[in-house]
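> Sequence and predicted model, in that order:
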Protein chains: 2
Amino acid sequence: MEFDLLLKNIARHVQLDQTEIGFFTSLLEKKKMKKKEFLLKYGEICKTENFIVKGCLRVYAVDANGFEHIVMFGIEGWWVSDLLSLWTNSPTTYYIDALEDTELLQISKSNLDALYERVPKFERFFRIILQNAYSAQQLRINQNLSFTAEQRYLNFIEKYPSFAQRIPQKQISAYLGMTPVFLSMLRKKLSKK
Amino acid sequence: MEFDLLLKNIARHVQLDQTEIGFFTSLLEKKKMKKKEFLLKYGEICKTENFIVKGCLRVYAVDANGFEHIVMFGIEGWWVSDLLSLWTNSPTTYYIDALEDTELLQISKSNLDALYERVPKFERFFRIILQNAYSAQQLRINQNLSFTAEQRYLNFIEKYPSFAQRIPQKQISAYLGMTPVFLSMLRKKLSKK
């Protein structure tokens, strides 16, 4: 069923009864995206929190020289949005687009507010989700500062094996902060080891 | 009063009644740290969430070559801990020490659990705090990838003017991912502009 993955995801952290599940799912909207379609563009305001049921999204920024820097990838089971834009109603500095045909369950900010009001367990759920996301980000900052390019790549494929398989090398290099050519040389070198 | 800053901080996001305030403050412990004293060392388990009443902490990692990489600074009004270690009961990969004489209010993990159980508003409070922290971190990842050294430094002193004034240059360079010598040259260059 369409809500299965999401409800399983939530049940890992909080227990909902049938009424709560009914209310929650009534607030969700489905969205289908084609590969390369944008969910959010620089300057727009992020209006929804987005759960990926199927597919793959990337969040990226474009620097003054036109280079793309990937902030995160998300696949099935991940929440993706620009939290800053969503909660402060400010224009985003990111782009979010689909690397594959993608299906989302979306909840708007006003519906999220209503959800927190009526089912406070969701405060707990998102508090825990955010703790995990924050810790993962902190680790990434640390590794960006202290790891060599080779260590960053090896760590990425070990930590996110499913990402490494389905995401094009060009995107992975932009996530790791290296050029595609450099990543290609690195992979050749590693394959000879 | 000793709880003033913390309660003001909380009141920006949730409204507590006197009973809730009484219960919350009964769970806190005061800790005084001398400059250079450690709150947490690599391999230890983080047991508390820590609110800074006075002073300055830094969170850093040491890489294989012995270089320190600063993950974050915290001053009055900030929460500092290793969330991953705290919530998964796993050894931390960070060090946390005091850059100045520092006073903390600490809450242990079991007391935090009791607090969430009895005053669920704190789920909301920490959910919001984490949203803000996550967004700030995401911005830092993006800027580390896309900004020049000069842009990173200028952005840091603009965004955190109070940090730039009180934190030694050597620490700031380790936070920005450059050598102290490079930062010193950069500052000289900028002062001539």
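Noted; the coordinates are in hand. Given the structure is predicted, the values throughout are model-derived calculations rather than measurements.

> where does chain A dip in pLDDT?
Low-confidence segments of chain A, defined by pLDDT under 70: A:1.

> just checking, next helix/strand downstream of the biggest helix by length in chain A?
Ranked by number of residues, the top helix in chain A under DSSP state H is helix A:121-146. Elements were assigned by DSSP states H and E; along the chain past helix A:121-146, the next helix or strand is helix A:149-159.

> now for the longest helix of chain A, which elements pack on it?
Under the contact criterion of 3 or more C-beta pairs under 8 Å, 6 or more residues apart in numbering or on different chains; DSSP states H and E, helix A:121-146 touches helix A:109-118, helix A:149-159, strand B:56-62, strand B:68-75, helix B:83-88, helix B:121-146. C-beta: built from backbone N, CA, C; applies to glycine.

> at 7 Å what do you get?
In this structure, helix A:121-146 makes packing contacts with helix A:109-118, strand B:68-75, helix B:83-88, helix B:121-146, judged by 3 or more C-beta pairs under 7 Å, 6 or more residues apart in numbering or on different chains; DSSP states H and E.

> Could you dump these into CSV with mean neighbour count and distance to residue B:23 added?
Converted to CSV, the helices and strands packed on helix A:121-146 look like this (neighbours: other C-beta atoms under 10 Å in any protein chain shown; distance: least, C-beta to C-beta, whole Å):
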stretch, mean neighbour count, distance to residue B:23
helix A:109-118, 14, 22
strand B:68-75, 20, 25
helix B:83-88, 18, 21
helix B:121-146, 20, 10
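
> and chain A, which residues reach chain B?
Counting by C-beta under 7 Å from any C-beta of the partner chain, the positions of chain A adjacent to chain B are A:61, A:63, A:67, A:69, A:71, A:83-84, A:87, A:116, A:120, A:123-124, A:126-127, A:130-131, A:133-135, A:137-138, A:140-142, A:144-146, A:177.

> beta partners of residue A:68?
The residues listed as beta-bridge partners of residue A:68 by DSSP bridges are residue A:62.

> ok, it touching residue A:59?
No - because the distance of 10.7 Å does not satisfy C-beta atoms under 7 Å, residue A:68 is recorded as not touching residue A:59.

> Give the residues shared as contacts by the two.
Taking C-beta atoms under 7 Å, 6 or more residues apart in numbering or on different chains as the contact rule, residue A:68 and residue A:59 have no neighbour in common.

> Can you tell me the closest non-neighbouring residue to residue A:71?
Once its chain neighbours are removed from consideration, residue A:71 has its nearest residue in residue A:59; the separation is 4.5 Å (C-beta to C-beta, 6 or more residues apart in numbering or on different chains).

> again with residue A:122
According to C-beta to C-beta, 6+ apart, the nearest residue to residue A:122 is residue A:115 (5.2 Å).

> Of all the helices and strands packed on helix A:121-146, which one is nearest residue B:17?
The minimum distance between residue B:17 and these falls on helix B:121-146, with 9.8 Å, by C-beta to C-beta.

> Next, the angle from that closest one to strand A:68-75.
When axes from the mean of the first three to the mean of the last three C-alpha atoms, to 10 degrees is applied, the directions of helix B:121-146 and strand A:68-75 differ by 140 degrees.

> before we move on, back to that, my guess is the residue nearest to residue A:71 meets residue A:81, correct?
No - using C-beta under 7 Å, residue A:59 makes no contact with residue A:81, being 8.7 Å away.

> Between the two, tell me which one has more neighbours.
Set side by side, residue A:59 and residue A:81 show more neighbours around residue A:81, with 25 against 22, by other C-beta atoms under 10 Å in any protein chain shown.
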